[in-house]
Each structure stands twice: as structure tokens, then as C-alpha cells.
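# 3D, please:
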Amino acid sequence: MKSKHPHGTPRLLGIVWPFIAVVLFQALLGCVSLYMLSAVRSYVGGESLWSKAQKDSIYFLYVYSDTHDPAYFDKYQQARSIPQGDHKLRLAMDQSPSDEVAAREGILQGGNSPEDADSIIWFYRYFRHVSYMETAIEKWSVGDAYLVQLDNLAQEMHRTLLGGHVTDADSKRWADGIFAINEGIAPAAKAFSDALGEGSRFVWRLLVVINLVTALGLILLVLKRTHKVLAQSRAFAQALQLEKERAQITLASIGDGVITTDEKGAIAYMNPAAEQLTQWKSEQAHGVTLAALFKLLDDNDQDDGFKLIDRLLSGQLGNSRDHSRQIQRMDGSTVAVTLVGAPIVHAGEVSGAVLVLHDMTQERRYIANLSWQATHDALTGLANRREFEYRLETVLKNLGRQQGRHALMFLDLDQFKLVNDTCGHAAGDELLRHVCVLLRTGLREGDTLARLGGDEFGILLENCPVDMAERIAGGLRQAVQNLHFAWKGRPFMSTISIGLVHIHQTPVTLESLMRAADMACYMAKEKGRNRVQVYHLDDTELSLRFGEMAWVQRLHVALEENRFCLYSQEITPLGAEPEGGGHIEILLRLQDESGRMVYPDSFIPAAERYGLMSSIDRWVVENVFKIISECTAQVGAQPMAMCAINLSGSTIGDDDFLEFLHEQFKCYGVSPKLICFEITETSAIANLGSAIRFINDLKSLGCMFSLDDFCAGMSSFAYLKHLPVDFLKIDGSFVKDMLDDPINRAMVEVINHIGHVMGKRTIAEFVETTQIEQALIEIGVDYAQGYIVQRPQPFTFDSLLHRPKRSRALTLRSPGNLR
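Purely as a prediction, here's the structure:
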């Protein structure tokens, strides 16, 4: 259903075009009617000439037959030329196609006006078969036939008279012939005249009816259009009224104050919000100037000093938050507002202005609250990390200009997780609030205490000597230790570990200072908690921890930038060559920021300490699986080496990692029989239950397992029978010196023997000479791995497919392999 509401202002042409169309149509119809009547008149006039000419022809021919005077024959021929012209017209128009040139000549010969030629031809062409016209032409044809007989008689008479042999019988015969022709042509001529007369009257009546009907139709069209125009006018008036009501309701409903003025600044309208802001009623303010409503002040409560109405009318108060002021009302109270306004322009002339006042009281309160929240912790009310770092950076900047001694402390509650896990976060929050009160009381005025996150706090002691800083730190530790905290009758011991860094020289950066304090706090926890650890530059243990912490960020970046590399090393059988594609070990390398290769013993300790091993293990598994999958797609069923992956202890106990492995097998379509996972003896025994579940789950798929570094850790054979592994890797520390140390050789022999008794195959690491290789063959070790077999090389398709002359097997090794 079409909308009844108008969508725009009607244009002049849209209103008057029907009337213009009516006038044009009526004029066109009148012209057509007149043209048709003119054509009919021409035919009637032509018929009159034709009728007179045929009578004159008969008369002059009769006189000629009686007097034999040639002058009358000439008059006969002159009279006869008119019907002959009409006859030529009819014959030319009845041709197909019609011959307009001959028709025009016949019209002129017939005595018609040249101006009527076009209308006569047009009327004959388009109305030839109309009943009246068709009857007239039929009678016309009959009359022409008599005229032909008359002309034949006239030519005979003229030839006889010229010959001079005329008898009375000839004269009588000619007179009788002329009389007979006259008697025959008279009815046809009358019928022709009557048909044209009746046709002309019919055409006149038809045109009158058509004009009347058309006029009536056009009158109805005009009435309909006029009705529509009037309906649109009413709709526009209603829409205008509706928009006015909507505007008034909207202005009355919005929260911003709206004031309209005339061009002189007198108030014309105020909505309820403006009444509330200015404390004026709209009726009272009507006609009052803006300056009388309120006074504008700046943020310092000084008179702003500019004329508001002048700014409004000149368009200087656009839609911008920069126009923020305070207004002083009649009772002296002030309120912060944002002013937005614009002049009202009509027909190029300014007729008034609109001013919008937005109350900024709540927004300023919110801004102040957000500003506080941005720099403070919501739970404790202390400064947050961002504010703490800002204050610390300010101190460091001033340190370069003015020497002084300051101190930075990092504090971490010991066993705080125990409170959260046993009693909930409400108990933990309450403990934090108690600790904050104790810490505040132990600090000097002007010292900064901040909550850095969770149960971590930071303290900045400005202008504090070394001994005083250490006394304050000790006092804080003792105060927290003396705190007796209980939650719902359950007591908790509370202690705190503190890392202290003295700041007394430059250059020093915020990042290095924060890292030093964090590391000192970490060392306080590692040394038994509830202590203060002071940072010293020459502390070797702290330096080692610094190095590990630096590796954490580097490892994150390396994972993001995919800078790890995979190498492979052959594991060769020392006895009969087994079936299949062999055995290799995958080794991990890291390409550092300068492009140099870094061995895993440089970064694995940091990765294990700071929980990055699971991510690195995932990277190794996914990339090795990808290479195996691509190789399988290219070589098809060709035998490939079996791969094993060394996994860290944290990975073995991770159920998510086990699910990840199942997904990778499905994603890449790698056969589990090509994979042999390696776990170290220490990690397996430390997580014995998890290790057994992990191994059994993957062995059910077809994977194999190898126990790495056997007897290098806990050296307990009792655990071995509980671990369903397939290979024992004899630790290289026994193998490389077995020729010089009988005890190491004995260890190799014992491990090999125990492994074979338990149905496991043995692999000796660090096989670097042919003598060691021969000794292992004599002992009966199954596989050897080391530089004598193959040096590590980049892991490619050739590593999986190309087999050297000696037999070899393939072991996939995780980042745990430090070779």
C-alpha cells in the first residue's frame, strides 16, 4: 500500500502539466477536425464544379449539334475538361500505389484550389472505404461513364460536321443521344451530390460528437487531477502539522536544553530541559534576551566576556565539544554545559538562531571517575601498574638531573593461591585489603604503594638511603608475617617475599629496573619465601635468571616469526637390518635475530622453567607431520623412516596436548607407525601415572615410545617394568667414555641386558668412534647414534627417503634433545 504521506514539495510543472496536456490535445483535435472539414468542403466544392461542368458540356454539345457552330464545340471541350480532371484524380488515387502527381494534376484540372490538393488527396486515401465516401465514388464512377459516352458522341459529331455531310437523321440521332445521356447522368450526378452532402453532414456530426466526448473526458481528467492536487495539498498541510507536532514532542523529550531566538536575540522558545537548566519558565522567558537568562563563565569561574547571540548568528558555535562553559543562573548557582548553536537562515536572510545546552555535570563526574580508575586499582584503592610505572619513570628522569637515592620493591604474597582455592576469591580479596592496610602503615608519607596485579605489589621509596630502605622492607615482611588472618573460623599464615633494588645511578631504564626487582622477588621465593632479596649487579645466580627471562621474550617472538628449524640425525642398526624405511632423530635449532643457529641447550632451560615447552613441542609436532604428509603425497607407498618425538615432562601430563596429537594425526593423515615419541626417564618417573596413560593412549593408535637418557636421572630399574616403551636410549655420558672407564662399560652392558630381558630394543647415544661402535656390537646393543653414523643435517624429504649403505632407523626427537 502506498504511503499517504508526501515525500517532497510539489513543483509547478507537476501541478499544471495535465492542464497543458488538455489544451494541447484539444488544439490538436480541433486542427484535425478543421482539416477534415476542409477536405470535405473541397470535395463538396469539387462535386459542384463537376456537376456544373457536366451540365454545361451537355448544353454546349446540344447547341453545337443544332447550330453546327464550332465555337460551341470549343466551349464543350472547356466544360468537359473539369470532369476529365476529376476522372484523372479518381483513377490516379485508385492505383496501387497511388500516383499523387497525376492526382494533383487532375485536382487542378478539375478547377479546385491548389491549396485544397493535399486535403483532397489525404481524405481520399484514408476515407476511401468509408460508406458515404464509397457510395459517392461509386456514383462518381457512373457519372464518368456517361461522360465518356458523351465525349464519344461529341467526337463523332465533330468529325461528321467537319466532313460537311450532315443529314437531318444525323442531327436527330445526335439530339436523341444527348438527351438519353442527360437522362442517365442526371440521377447519378444527383446521387453523387447527395452522397457527398450526407457524408459531409455525417463527418460534421461525428467531429462534433468526438469533440464533445473528448472535451468531457478532458474535463473529467482535469477534475481528477485537480482533486489529486488538492489532496496532495491537504496531505502536505497534514504532514507539516505532524512534523511540527513531532518536533515539539521531540524537543520536549530530549535531555538537552534547546532555545530558539529571533534575529535580535530575544527568546522565542524553550524546551523543558532548557527551563530546568536556566530555571526560567518558557512563558516568562519569551521576549527576554539570552544575556538576561544566564551569564557565561570560563572554567575558572570568570566572566567569559563575549556576546553569545553574536556568536550564534555568525555561526561560530558549531557542533564541537570545544564550546564547553559554565553558566551562572539567577540564584548564583553554576552548571557545566556544552554549547552548540547555529543561525536560522531563510531565503538567504538570518531570521533567528538555535542554541543547544548539554548538561556536562554527569559527564565530568564520569570523566573524573574514569581518570581515577585508569590510575588506581578498584579493589584496594592503590595506584595501578600504569600509574606506578609513570611515577617510577618520573623519578628516573629526575635522577639524571639531580642525584639521589631511591629504592624499588616488588612484593608477592606467599601461598596466596591456597586462600583463593580453599575459601574462594572473596577470602582472597579480604586478605589483600588487610595486607594493603599493613603496607600503608609501614611506609613513609610520600612513598608510592601500588597493586601491580593479583597478589603482586610495588613500592617506590623516594629519597631513601640504602639502610633505611632495607629496614622498611624488613618491617613490611615482619608486619605481614604477624598478620593473623582467618576466614569463617579458618586461620591462615600470611608471609610475603620482597625483591629490593636500590636506585642511585644512571643510566638505568624502567624496563631493566622492573625486571631486576621482579627477578629479586622471584629469587626470594625460590630461596624459601618470607624473605627480602636485595638485587646486586654481580649476583651470578640473578644473572642466570636474567638470561633465562630474556630468552622468554625471544622464544615468544621466534614462535610468532616461525624461526625454529628442524634437523635430522641417523640412528643405524648395529645388527641385522630391520624391515622398513629406517630410523632418524629430529633435532631442534633456533635461528636468532642475526641469522645464527642456536643450539637447544641455550634456550630449553628457560622454556622449561617458564612454561613454553608445550608451545615448542606443538610447533615441532605440527611441522614434522607436515613434512611427512607432503612426502607421502609425492612418493606414495614408498617406505619412509619411522619418526619419534621427545616430549617434555609438562607436555606428558597435558590432556590438551594429547587431544592435539589426535587432531594432528587426522589433519595430516600421518600413519602412527611412522612416529616414535621419546620421553626422558626423569620426566616419566616424576609423572609416572600421567606418562603411563599418555603412552597407552598413543600406543593404541600404533605409535612407538622410547625412554631417553636412561640411568642418567633417578636410575631406578624398578620403574622400567611399569613403562610400556619400545626403546631404551642409553645415556651418552656412559657411552662416550666406556672404553676408558670400566664402570661406564658395565653400565652400558647392564642397561642393554635389562632392556633385552624386558623385550625392549636399545639405542646407544654419542657413538663417535669406530672403536666404540665395535664395542657396542660386541655387547649386543641394537642401534647406534652419533657423529660416526651421521652428523645432524636439515630435515627434508631426503632425510625420510634416502638411505645410506649401512642400515639405519628413524627417530623423531623433540626440543628435549640438546644435541
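
# okay, now V466: neighbour count?
The tally of other residues near V466 (other C-beta atoms under 10 Å) stands at 13. For every residue, glycine as well, the C-beta is placed using N, CA and C.

# I misspoke; the intended subject was I459.
I459: 24 neighbours (other C-beta under 10 Å).

# so what does the one helix or strand it maps to touch, helix or strand wise?
Assigned by DSSP states H and E, I459 belongs to strand 456-461. Secondary-structure packing of strand 456-461 (3 or more C-beta pairs under 8 Å, 6 or more residues apart in numbering; DSSP states H and E): helix 385-401, strand 406-413, helix 425-441, strand 448-453, helix 466-481.

# ok, that strand: who's next to it in the sheet?
strand 406-413 (antiparallel), strand 448-453 (antiparallel) (DSSP bridges).

# nearest to V750, of those?
V750 lies closest, by C-beta to C-beta, to one member of the strands paired with strand 456-461: strand 406-413, at 46.7 Å.

# Tell me the confidence at the residue nearest the centre of the chain?
The residue lying closest to the centre of the chain (C-alpha atoms, centre = their mean) is E560, at 27.2 Å. Looking at E560, its pLDDT stands at 89.

# still on that earlier bit, now mean pLDDT and distance to I459 too, for the helices and strands packed on strand 456-461, in JSON lines please.
Putting those into JSON lines (pLDDT from 0 to 100; distance: least, C-beta to C-beta, whole Å) gives the following:
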{"stretch": "helix 385-401", "mean pLDDT": "86", "distance to I459": "9"}
{"stretch": "strand 406-413", "mean pLDDT": "93", "distance to I459": "4"}
{"stretch": "helix 425-441", "mean pLDDT": "91", "distance to I459": "7"}
{"stretch": "strand 448-453", "mean pLDDT": "92", "distance to I459": "5"}
{"stretch": "helix 466-481", "mean pLDDT": "92", "distance to I459": "8"}
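
# Quick check: which of those is buried the most?
Most buried of the helices and strands packed on strand 456-461 by mean neighbour count (mean count of other C-beta atoms under 10 Å) is strand 406-413; its value is a mean of 23.

# Residues touching the helix or strand just after it, excluding its own?
Heading C-terminal from strand 406-413, the first helix or strand you meet, by DSSP H and E, is helix 416-423. By C-beta atoms under 8 Å, 6 or more residues apart in numbering, the surrounding residues in contact with helix 416-423 are A427, G428, L431, G454, D455, W487, K488, R490, F492.

# in the stretch 451-600 of the chain, which spans are strands?
456-461, 484-487, 490-493, 496-503, 532-534, 564-573, 584-591, 597-598 (DSSP state E, counting those that start in this stretch).

# Domain ranges for the protein, per the record?
Taking automatic domain parsing as the domain assignment, the ranges for the chain are 12-228, 255-365, 376-537, 564-591+619-801.

# D697: what's it in contact with?
L658.

# returning to what we had before: save the helices and strands packed on strand 456-461 as TSV, and put in distance to D331 too.
Converted to TSV, those look like this (distance: least, C-beta to C-beta, whole Å):
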stretch	distance to D331
helix 385-401	40
strand 406-413	52
helix 425-441	43
strand 448-453	43
helix 466-481	53
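
# would you list every one of the helices in the stretch 701-819 of the chain?
Assigned helices in the stretch 701-819 of the chain, in chain order: 732-735, 742-757, 770-779, 797-801 (criterion: DSSP state H, counting those that start in this stretch).

# Deepest-packed of these, please.
Highest mean neighbour count among the helices of the stretch 701-819 of the chain (mean count of other C-beta under 10 Å): helix 732-735, a mean of 21.

# part of a strand, is G85?
No - read with DSSP: H, G, I helix; E, B strand; the rest coil, G85 is helix and lies in no strand.
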